[in-house]
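[1] The sequence and its predicted three-dimensional model are supplied below.
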Amino acid sequence: MKHKFIAIEGNIGSGKTSLSRKIASDYNAELILESFAENPFLPKFYKDPEKHGFSLELFFMSERYHQLKNKWIDDLFFSTKVADYFFMKSKIFAQNNLQSDELLLFNKLFEIMLSSLPYPDLLIYLHADVKRLQYNIKKRGRAFELDIKDEYLESIQESYLDYLKKQRKSPVLILDITNVDFIDNNDIYNRIKGLIDNEYQIGVQEKIIF
């Protein structure tokens, strides 16, 4: 693989963990998965976002930071890595979930942590419309996600796309997978692998619709 660190991102229910697993397996890369199930504030947040948003985002940011930091400290040979998130995710979700005073403090802590973390050599963003996201969310059946509103998913999507268009740290592939299933369709998956094997300039590439 040409890239030493690939981050696969997307909205809730876009399939980023599934794609990360397949890519890491096929390229014999180290897989880094977000341990969202260990966040005790997640079910509470969906019931009362204003009360538990700050605790939720601080916990997530801390876990992501320590996981990524330790992966690089412990890896003397800098093996190829595939992650189902990138650290900027913390800021994107915080912008949607926190009050202004909470966000001010959160961003100060975020910038301190970000300064010591690597940026992906390739960032893949899985784009799907809200109807498809809701279908995937219902299909996997996590109880605390079943009442997520369309408006919330749309807000997260807009925040991601706004950041991706402005950032100048990593090459970005936006893959519109609204109408395809890359898990069971090998032709689609092999097309994605072909895209990963290419080299790209910094910034967002032309959007690819499958």
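    Arrived safely.

[2] Now residue 18: closest residue in space, sequence neighbours ignored.
    Nearest residue to residue 18, sequence neighbours excluded (C-beta to C-beta, 6 or more residues apart in numbering): residue 183, at 5.6 Å. Yep, even glycine has a C-beta here, placed from its N, CA and C like the rest.

[3] mind checking the SS state of residue 6?
    Secondary structure assignment for residue 6 (DSSP: H, G, I helix; E, B strand; the rest coil): strand.

[4] Low-confidence stretches in the chain?
    For the chain, the stretches with pLDDT under 70 are 37, 74-78.

[5] Helices along that one, start to end?
    16-26, 42-47, 49-73, 89-97, 100-114, 130-140, 150-166, 186-196 (DSSP state H).

[6] Return the fourth one as CSV; C-alpha atoms alone will do.
    The C-alpha trace of helix 89-97 is given here as CSV (Å, rounded to 0.1, in the frame of the first residue of the first chain):
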residue,chain,number,x,y,z
LYS,A,89,-14.1,13.9,14.3
SER,A,90,-14.0,15.1,17.9
LYS,A,91,-14.3,18.7,16.8
ILE,A,92,-16.9,18.1,14.2
PHE,A,93,-19.3,16.4,16.6
ALA,A,94,-18.5,18.9,19.4
GLN,A,95,-19.6,21.7,17.1
ASN,A,96,-23.0,20.1,16.8
ASN,A,97,-23.4,18.8,20.3
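
[7] Settle this for me: residue 3 is touching residue 81, isn't it.
    No. With contact defined as C-beta atoms under 8 Å, residue 3 and residue 81 do not form a contacting pair (9.4 Å).

[8] rewinding a little: contact partners for the residue nearest to residue 18?
    By C-beta atoms under 8 Å, 6 or more residues apart in numbering, the contact list for residue 183 reads 15, 18, 22, 189.

[9] with these in mind, which one is nearest to residue 123?
    residue 15 (15.6 Å; C-beta to C-beta).

[10] Isn't the closest one up against residue 178?
    No. Using C-beta under 8 Å, residue 15 makes no contact with residue 178, being 11.0 Å away.

[11] okay, and the common contacts of these two?
    residue 128.

[12] neighbour-wise, which of those two wins?
    Legend: neighbour count by other C-beta atoms under 10 Å for residue 15 and residue 178, higher for residue 15 (22 against 16).

[13] I'd like the distance between that one and residue 125.
    In this view, residue 15 and residue 125 are 12 Å apart by C-beta to C-beta, to the nearest Å.

[14] Please report how far residue 54 lies from residue 152.
    Counting by C-beta to C-beta - residue 54 and residue 152 are separated by 17 Å.

[15] So those two - more neighbours on which side?
    Set side by side, residue 54 and residue 152 show more neighbours around residue 54, with 20 against 17, by other C-beta under 10 Å.

[16] Residue 168 touches residue 203, doesn't it?
    Yes. With contacts defined as C-beta under 8 Å, residue 168 counts as touching residue 203 at a distance of 6.3 Å.

[17] who's more crowded, the two?
    Here residue 168 and residue 203 are set side by side on neighbour count (other C-beta under 10 Å), and the busier one is residue 203, at 14 against 6.

[18] rewinding a little: now list whatever residues contact both of residue 15 and residue 125.
    Residues touching both residue 15 and residue 125 by C-beta under 8 Å, 6+ apart: none at all.
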